[in-house]
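[1] sharing a sequence plus its predicted fold:
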Amino acid sequence: MEIKKLHDLSIEELNSLGVFGYTSHQKYEATKEETLHAFTLQLKLVNLDTPYVKQELNDDDELKRYQKLVKLGYSLGLYVDHKLVAIAITEPQVWNNTLLLWHFQVHENHRRKSYGSILMRKMIDLAKENGFRAVTLETQNTNVPAIHFYKQCGFMIEGVDLSFYNGIDEVALFMRKKID
């Protein structure tokens, strides 16, 4: 296993990671109450009667954005036998001195082998070495496996956007790992 900075990314490499998506048997249900004097927002983990399945294809626009981002020098790839099996694509946010994680993916045949945790630790180390104060990311309330993974890596939910997505069931969760 080897982790190295990405300097270029082809559609073939990105597609070699397989389908980008998830299946979740739970979601964080968001409820809010708002008056003139108070605002409360609650996220509660609930079981789903039917698993929530989301699969996304990386389109040409995303690939072009990712190709620009990897040239900035903060994105990493994890290789096994010289083959890309996990990726972390990031972008520095100069205005608030954070590193934004755009895309994090481990090939399905290489999950549950600690590769995701190893890659995330290396990405956080890279952020620390470059003086960033935090690593941030966005995920959906329906992506409970990812939320739990990010929490295990030290990320905390610090923001919620109830109308970020068009769907009724999806709410955007913004997570941050502060760097010591």
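    The structure has been received and is ready for your questions. Residues are numbered from 1 along each chain as shown.

[2] doesn't residue 121 belong to a helix?
    Yes: under DSSP: H, G, I helix; E, B strand; the rest coil, residue 121 falls within a helix.

[3] now do the longest strand along the chain: distance to the chain's middle.
    Longest strand in the chain by number of residues (criterion: DSSP state E): strand 39-56. Its chain's C-alpha centre and that of strand 39-56 lie 17 Å apart, by CA atoms, centre = their mean, to the nearest Å.

[4] may I see the buried residues of the very next helix or strand once past it?
    Note on strand 39-56: by DSSP states H and E, the next helix or strand toward the C-terminus is helix 60-70. For helix 60-70, a neighbour-count test (16 or more other CB atoms under 10 Å) marks 62-63, 66-67, 69-70 as buried. Where C-beta positions appear, they are placed from N, C-alpha and C, glycine not excepted.

[5] got the angle for the helix or strand that helix 60-70 is followed by vs helix 60-70?
    Downstream of helix 60-70, the first helix or strand assigned by DSSP H and E is strand 76-80. Here strand 76-80 runs at an angle of 100 degrees relative to helix 60-70 (axes from the mean of the first three to the mean of the last three CA atoms, to 10 degrees).

[6] quick one: contacts of strand 76-80?
    Identification of contacts with strand 76-80 by CB atoms under 8 Å, 6 or more residues apart in numbering yields 1-6, 13, 84-88, 106, 110, 115, 118-119, 122-123, 126.

[7] strand partners of it, parallel vs antiparallel please.
    strand 2-5 (antiparallel), strand 83-93 (antiparallel) (DSSP bridges).

[8] of these, which stretch is the most buried?
    Among these, strand 83-93 has the highest mean neighbour count (mean count of other CB atoms under 10 Å), at a mean of 21.

[9] immediately after that one, which helix or strand?
    Next element after strand 83-93 (DSSP H and E): strand 98-106.

[10] and that following strand, what other elements does it pack with?
    Packing partners of strand 98-106 (3 or more CB pairs under 8 Å, 6 or more residues apart in numbering; DSSP states H and E): helix 60-70, strand 83-93, helix 115-129, strand 134-140.
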